[in-house]
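Trainee: could you look at this predicted model? Sequence included:
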Amino acid sequence: IPHVAYKLIHAQIIIDGKEQETWISVSENFRMRNEEKMAYDLYYDLQKEGNESPLEFAIRNGWGLYMYQMFCIDYLIANRDRHGSNLEVLRNDEDDSVRMAPLFDQGVSLLFSTYGDEKLLENADVMKDFPVNNYIGAKSLEYNLSLIPDGYDLKINKLRKTDKKYIFYGLEKVLSEKHIDKIWEMIWNRWCYFEQVRNKEK
């Protein structure tokens, strides 16, 4: 699934004159030469035809696979903040091309609100359909799965239990073992549910 690769940096920063230790993320510029970015909601408002929805607009522009993959990944990681500016269109006026930017800014996901709070973490319901700020689809991550057409090939690899080591590689200093286990529990259980829903459609 096209996405921005973030790198974590352990840093000493100063906020309001106070020094503190934290982790910050950086990424490479995902725009190509001569490309300008525009928030998806703005581009949709400028280019939509009639009463088509943001999803219908994406499908007409050939971005259906992108959106359906996004529904899948946002459900798995419980991403609660995919508003209209958390999706971008990249325009190149020189060759008159337009493409979707890789997925970025998944900060409000992966049980983010439980970080550093063992009690919250322990009681977190990993299958909860969290309230979300979605611009495309519905305000329900689970419902958005139903918007993926029956039998549609999402072109994604099957998740396996052995993938846990790869996914969390290098994060042992950032997250506690309990937090890693809980996040994995969420991703794995949601993947099993996702597969169950998709298999029912066949």
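Mentor: Sure, I can see it.
Trainee: list the residues that contact the most centrally placed residue in the chain.
Mentor: Centroid-nearest residue in the chain, with Cα atoms, centre = their mean: D74, separated by 4.5 Å. With contact taken as Cβ atoms under 8 Å, 6 or more residues apart in numbering, D74 is in contact with 82, 109, 132, 134, 141, 144. All C-beta spots, glycine's among them, are computed from the backbone N, C-alpha and C.
Trainee: ok, longest helix in the protein?
Mentor: What stands out as the longest helix in the chain, according to DSSP state H, is helix 177-201.
Trainee: which elements pack onto that one?
Mentor: With contacts defined as 3 or more Cβ pairs under 8 Å, 6 or more residues apart in numbering; DSSP states H and E, helix 177-201 has these neighbours: helix 64-77, helix 118-123, helix 163-167.
Trainee: distance check, the nearest residue to G170 once chain neighbours are set aside against D105.
Mentor: Ranked by Cβ to Cβ, 6 or more residues apart in numbering and with sequence neighbours excluded, the top spatial neighbour of G170 is L8, at 8.0 Å. Computed with Cβ to Cβ, to the nearest Å, the distance linking L8 and D105 is 15 Å.
Trainee: partner residues bridging Q20?
Mentor: I13 (DSSP bridges).
Trainee: that older thread, ramachandran angles for the residue nearest to G170?
Mentor: L8 adopts backbone torsions of phi -90, psi 140, taken as degrees, to the nearest 10.
Trainee: that one touches Y169, doesn't it?
Mentor: No: using Cβ atoms under 8 Å, L8 is not in contact with Y169; the gap is 11.8 Å.
Trainee: these two: who's more crowded?
Mentor: Using other Cβ atoms under 10 Å as the criterion, L8 and Y169 rank with L8 on top: 13 against 8.
Trainee: give the contact list for the more buried one.
Mentor: Residues in contact with L8, defined by Cβ under 8 Å, 6+ apart, are 23-25, 170-171, 174.
Trainee: which among those residues end up buried?
Mentor: Neighbour counting with 16 or more other Cβ atoms under 10 Å marks none of the contacts of L8 as buried.
Trainee: ok, of these, which one's closest to D95?
Mentor: Nearest to D95 among the contacts of L8: S25, at 31.4 Å, using Cβ to Cβ.
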